Every structure is written in C-alpha cells, then in structure tokens.
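[1] Let's see this in three dimensions:
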Amino acid sequence: MATKELTCRVVTPTQQLLDEPITHASIPAWDGLMGVLPGHAPMVAKLGTGELKLEFPKESHGGGDRSYYVSGGFVQIADDGLIVLADEAIPAEQLIAADAQAELAEAEARTVATDATDKAAAADEIRLMRDKARTKLRIAKSRTGKGI
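    Numbers count the residues shown, from 1 in each chain. A predicted model of the protein is given here:
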C-alpha cells in the first residue's frame, strides 16, 4: 500500500526552513509547475522562481497549507522524501507587499549600462530581478488576510 505522506525539507544555504510530512507539493520547476504526491517516482529537477505550495496532513498537523517564495536551486524526490534546495526561500507570511513593491520599482528603474561588455547578460539579470520582485509581490498580496 502506498504511503499517504512524504517528508519535505526546504533548505537554503543558510538555514533549514522546514522538515515536516506533507501530502502534496506544487513546485515551480525551471521549466514549469510540477505537482508531487507521495509515491512519486525519484527525480531531480532544477528549481525556478515562484511559489512553492505545500499541503499538510490533517491527522498530524491539522491540515492546511503553507507557501514559500523560492528561487534557484534544485528539487530532489526519492524514497518518499522531497528536498527543496533553494538559493532563496522565504515563507509567504514573511513577505510584505510594500517591500516587494519597492523592490519591483527599483528593478523596473534599472537599465542596461551603455558600457556593459555583455548587454544580453545584463538585460537577463534585470529581467530576473523584475520577475523575482513580481513573484514576491504576487505571493504577498495573495496571502494578505490569511492566517498561518
């Protein structure tokens, strides 16, 4: 019989944010959104920028869900375990819409320097900064008014 939970760990280079059983994960992989349930085939995927949504079992944790802003890194699924090794991860309840809006305004004000040696790379970096700020703002706004 298949198990109904998998252990999820969310880790950044500086801290471990989570180590709990979950029943479902929605992961922003580099090439699209990926859903994971217990019993998923083993795999490794590149993590993109977006909202990591986790659902918790009712029996042991009262159910419910939690979200994290994640960007960069990798995801590993193996032996009924999910490990999210993120370059950056922030619990949704810690995102503040005003801060994300200011970050977006700063990113949108940036332009490629005329003397940049690699203008394409500089433009990609600015695009990534804007995408990250927009994602943080979207998550912060969607979580406003919701309890933990």
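[2] Every contact and neighbour count from this point should use C-alpha atoms.
    OK.
[3] What are the structural domain limits within the chain?
    Per automatic domain parsing, the structural domains of the chain span 6-92, 95-143.
[4] Now the first one: average pLDDT?
    Per-residue pLDDT over domain 6-92 has a mean of 93.
[5] The shortest one too?
    Confidence over domain 95-143 (mean pLDDT, whole number) is 93.
[6] Distance check, the residue positioned nearest the centre of the chain against Leu82.
    Nearest to the mean C-alpha position of the chain, counting by CA atoms, centre = their mean, stands Val70 at 2.4 Å. Distance from Val70 to Leu82, counting by CA to CA, to the nearest Å: 15 Å.
[7] And the helices in this structure?
    Ranges of helices in the chain, per DSSP state H, are 58-61, 97-109, 119-143.
[8] Tell me where this protein has strands.
    For the chain, applying DSSP state E gives strands covering 6-11, 16-22, 24-29, 32-36, 43-46, 49-55, 65-78, 81-91.
[9] okay, those strands in a markdown table with distance to Thr111 next?
    Below are these laid out as a markdown table (distance: least, CA to CA, whole Å):
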| stretch | distance to Thr111 |
| --- | --- |
| strand 6-11 | 33 |
| strand 16-22 | 34 |
| strand 24-29 | 27 |
| strand 32-36 | 28 |
| strand 43-46 | 28 |
| strand 49-55 | 21 |
| strand 65-78 | 22 |
| strand 81-91 | 24 |
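[10] who does the residue nearest to the centre of the chain bridge with?
    Per DSSP bridges, the residues bridged to Val70 are Gly50, Ala89.
[11] what's the answer for the one 5 residues further on, then?
    Per DSSP bridges, residues listed as beta-bridge partners of Val75: Ala45, Val84.
[12] if I read this right, it contacts Gly48, doesn't it?
    No. Between Val75 and Gly48 there is no contact under CA atoms under 8 Å: 9.9 Å.
[13] From Ala122, how far out is the residue of the chain positioned farthest from its centre?
    What lies farthest from the middle of the chain is Asp115; by CA atoms, centre = their mean that is 34.1 Å. Counting by CA to CA, the gap from Asp115 to Ala122 is 11 Å.
[14] right, and Ile27 touches Thr49 too?
    No. Under the criterion of CA under 8 Å, Ile27 is not in contact with Thr49, lying 9.5 Å apart.
[15] what residues are up against Glu55?
    22-25, 63-66 (CA atoms under 8 Å, 6 or more residues apart in numbering).
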